[in-house]
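J.: My questions are about this predicted structure, shown below with the sequence.
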Amino acid sequence: MIADAELQRLRQEIRAFMDTTGVQWATEIEQSGQVREGIWHELRDRGYLRLQPPVELGGRGLSLPQYLTLLEEFSRGHGSIRMIVHVQNGIWRPMLRLATPEQVDRFIRPQVRGDAVVAFALTEPHNGTGSDIHTEAVRVGDEYLVSGEKHLITFGGVADFNLLFCRLAGTQGADGMMALLVPHDAPGLRIEPMAESMGLRGTDHAHLHLEHCRVPVSHRLGGEGEGLEVALRGFLDPSRICVGMSCVGLSQRALELAVEWAKTRITFGKPIGDRQLVQSLLAEAATDVEAARQIVLWAGREWESHPPSQRAAAMAKLFALESLQRVTDRALQVFGGLGYFKDHEIERIYRDARAQRFEEGTAEIQKVTIARQLLAGE
Ligand SMILES: Cc1cc2nc3c(=O)[nH]c(=O)nc-3n(C[C@H](O)[C@H](O)[C@H](O)COP(=O)(O)OP(=O)(O)OC[C@H]3O[C@@H](n4cnc5c(N)ncnc54)[C@H](O)[C@@H]3O)c2cc1C
């Protein structure tokens, strides 16, 4: 937690940075389809990749609601830059839950310093996510031999380690699930880049193929059977709240662009913003943005005071992602046909927005989570 005045200063600093350097980076990323290493370095050197981790680990120690207000600024700027900030500011949390002091020094401190990139590897091509994963590990002496596949892994190609979820061979459901830190050069791991994505350009998504991949037992976080807890409660719940705020940042920018366009585009002798039907689009979008912001901040406060707040996290993500789809659709409508072309930022925002319906679980899965808790009387 930092003082309010310092938070405001930091927010203005990030806004100014994203409105200048961030805009240049955004143009470069969209043109090249790549996020070059220098961008990672500058974000690290400015301290933006360690806003959330505790001070004892070398971070700034912001509370989750404080961090969320800053994440909105990155997200308003560009989806891929937001993705770097989001993943690097969140991945220490599930690791810290179960790491031994030796693992904290070896894996978490370098990640917080920005010297090591860690990707989150859960999703599989042939199975459902969570307790349905099939990637298996067999213990042989001091090593696990891991076999299976992971895909859609953000930064899977550039990461030094994949925080990879698998199960002890022969187990089912949550039993025997493990969290392993798999080095990028582990024998038996093949990393294949995925096809170019619709949006979030340059964020590097990988398909991991593991064939008797050798991982030291000392790279296991927590015990055999504790993996699902790390994945869901340690990472996904807070991360869903953060993805909710990523939706808010994108929506906010879409709204700003639409308002500006409505003031300057003239048809039939008047700015389109003078027409009540266009005003209606803007008013509905503005209401959606604010409602999403407030539910996400509420979920952030809930998470801090009553972790794990699974339902609050799912509600925040669900509302924010659905509101984002409405806002970007309306904003694009205000632009008319020109908004469909790549020289308008709204085109990129519309594409980036679609990814939020998948990241950290689909809308359908958020609904499953909320309903399950409701029906269980929780
Ligand atoms: C840009 C991007 C980045 C990503 N980054 C990562 C990452 O870093 N690490 C990682 O592990 N994963 C990552 N993912 C994967 C993401 O988490 C999954 O795409 C998402 O959880 C959906 O899973 P799936 O793709 O396997 O869809 P599927 O499980 O195949 O689902 C297909 C459809 O069926 C619905 N469905 C499936 N099961 C059920 C059910 N039980 N009840 C109701 N509906 C159901 C889904 O909602 C969806 O609409 C990323 C995805 C994207 C697009």
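T.: Yes, it's here. Numbering: from 1, shown residues only.

J.: near the ligand, which residues of the stretch 51-200 of the chain?
T.: A119, F120, A121, L122, T123, G128, T129, L152, I153, T154, L200 (C-beta under 6 Å from any ligand atom). All C-beta atoms are positioned from the backbone trio N, CA, C, and that covers glycine.

J.: Those residues, buried ones only, as a PyMOL selection?
T.: In PyMOL, this line selects whichever of these come out buried by 16 or more other C-beta atoms under 10 Å:
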select buried, resi 119+120+121+122+123+129+152+153+154+200
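
J.: What is the lowest-pLDDT residue among the residues of the stretch 51-200 of the chain next to the ligand?
T.: Of all those, T129 carries the smallest pLDDT score, 80.

J.: Can you list which of the residues of the stretch 51-200 of the chain next to the ligand are found in strands?
T.: Residues of these located in strands (DSSP state E): A119, F120, A121, L152, I153, T154.

J.: And the fifth one, how far from A206?
T.: Noted for I153: a distance of 5 Å to A206, by C-beta to C-beta, to the nearest Å.

J.: Now do the shared contacts for these two.
T.: Counting by C-beta atoms under 8 Å, 6 or more residues apart in numbering, the contacts common to I153 and A206 are A119.

J.: Is it correct that S197 is in contact with R354?
T.: No. With contact defined as C-beta atoms under 8 Å, S197 does not reach R354; the gap is 9.8 Å.

J.: possible to save the residues of the stretch 51-200 of the chain next to the ligand as CSV with distance to G244?
T.: Below are these laid out as CSV (distance: C-beta to C-beta, whole Å):
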residue, distance to G244
A119, 21
F120, 17
A121, 22
L122, 19
T123, 19
G128, 23
T129, 19
L152, 20
I153, 21
T154, 17
L200, 16
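
J.: would you say W25 is within a helix?
T.: Yes. Assessed with DSSP: H, G, I helix; E, B strand; the rest coil, W25 lies in a helix.

J.: Please name the nearest non-neighbouring residue to it.
T.: Spatial nearest neighbour of W25, excluding adjacent residues (C-beta to C-beta, 6 or more residues apart in numbering): I39 at 5.7 Å.

J.: For my notes, confirm that neighbour occurs in a strand.
T.: No. Read with three-state DSSP, I39 is helix and lies in no strand.

J.: does it really touch I84, like I thought?
T.: Yes. Here I39 lies in contact with I84, judged by C-beta under 8 Å, at a distance of 7.4 Å.

J.: of these two, who's got more company?
T.: Neighbour comparison, I39 and I84: the larger count goes to I84, with 24 against 20 (by other C-beta atoms under 10 Å).

J.: Could you look up the SS state of that one?
T.: Following three-state DSSP, I84 is assigned to helix.

J.: There's contact between it and L49 in this structure, I believe.
T.: Yes. Shown here, I84 and L49 form a contact pair, counting by C-beta under 8 Å, at 7.2 Å.

J.: Which residues are in contact with each of those two?
T.: When contacts are counted by C-beta under 8 Å, 6+ apart, the set common to I84 and L49 consists of L43.

J.: Give me the distance from the longest helix seen in the chain to the chain's centre.
T.: Using DSSP state H to define each element, the chain has its longest helix at helix 276-305. Computed by C-alpha atoms, centre = their mean, to the nearest Å, the separation of helix 276-305 from the middle of its chain amounts to 19 Å.
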